[in-house]
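Colleague: sequence below, structure please.
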Amino acid sequence: MELIELNINGENIEIPVEKNWTLLYVIRDVLDLTGAKCGCSTGDCGACKVIIDGEAVNSCLVRAVNAVGKKIETVEGLAKGTELHPIQRAFIDCGAVQCGYCTPGMIMSAKALLDKNLNPTDEEIKQAISNNLCRCTGYVKIEDAIRQAAKVMRGEE
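Modeller: Numbering: from 1, shown residues only. The predicted model follows:
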């Protein structure tokens, strides 16, 4: 075991890890932040998406020891107390949540996009979530939610 320090949702956390542990394993199974899901373990589904230094990343592909010194955001870090982040609220309001398995990953992909661009084109939205698989919604409501969140975040609603 190696003691490392990770910055997760703005908090520095010292944690002993094995060198082969993925960031997903540490986040879910060690720290009990269960928003990110293990869907494939190959980086194909996006259910484990987190934001690392501003980029949406599949946490199943990142070794925890390689995340030292980076800023990691999980879906649990978005809400402020009981106040949902505008993206979370938009997913609910637009009906972009069905089974919910992909939702945290979709939200984190959307956040990474909107943190950089509050006026994304439809193509940019599609590209941002292209590595996130959803078997329930057909993506239309997810794309609507991202557009809605962008409006709110721009102060238009």
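
Colleague: wait, Leu23 sits on Ala67?
Modeller: Yes: the criterion here is Cβ atoms under 8 Å, and Leu23 meets it with Ala67 at 5.2 Å. To be clear about C-beta, it is placed using only N, CA and C from the backbone, and glycine gets the same treatment.

Colleague: which one's more surrounded, these two?
Modeller: Leu23 (28 against 24; other Cβ atoms under 10 Å).

Colleague: what pLDDT is listed against the more buried one?
Modeller: pLDDT, Leu23: 98.

Colleague: and what of the one 3 residues further on?
Modeller: Val26 carries a pLDDT value of 98.

Colleague: before we move on, what about His85?
Modeller: Model confidence at His85, expressed as pLDDT, equals 98.

Colleague: with the one 5 residues further on instead?
Modeller: According to the per-residue confidence, Ala90 scores 98 in pLDDT.

Colleague: need the strands for the protein, in chain order.
Modeller: Assigned by DSSP state E, the chain shows strands spanning 2-8, 11-17, 49-52, 55-58, 71-73.

Colleague: not counting sequence-adjacent ones, nearest residue to Lys37?
Modeller: With Cβ to Cβ, 6 or more residues apart in numbering as the criterion, Lys37 has its nearest non-adjacent residue at 4.0 Å, and that residue is Ala47.

Colleague: how far away is the residue most central in space within the chain from Cys102?
Modeller: Compute the mean C-alpha point of the chain, and by Cα atoms, centre = their mean the closest residue is Met108, 2.6 Å away. Relative to Cys102, Met108 is positioned 11 Å away (Cβ to Cβ, to the nearest Å).

Colleague: repeat that for Val30.
Modeller: In this view, Val30 and Cys102 are 23 Å apart by Cβ to Cβ.

Colleague: looking at those two, which is more packed in?
Modeller: In this view Val30 and Cys102 are compared by other Cβ under 10 Å, and Cys102 has more residues nearby, 26 against 14.

Colleague: which residues touch that one?
Modeller: The contact partners of Cys102, by Cβ atoms under 8 Å, 6 or more residues apart in numbering, come to 37, 39, 45-47, 132-136.
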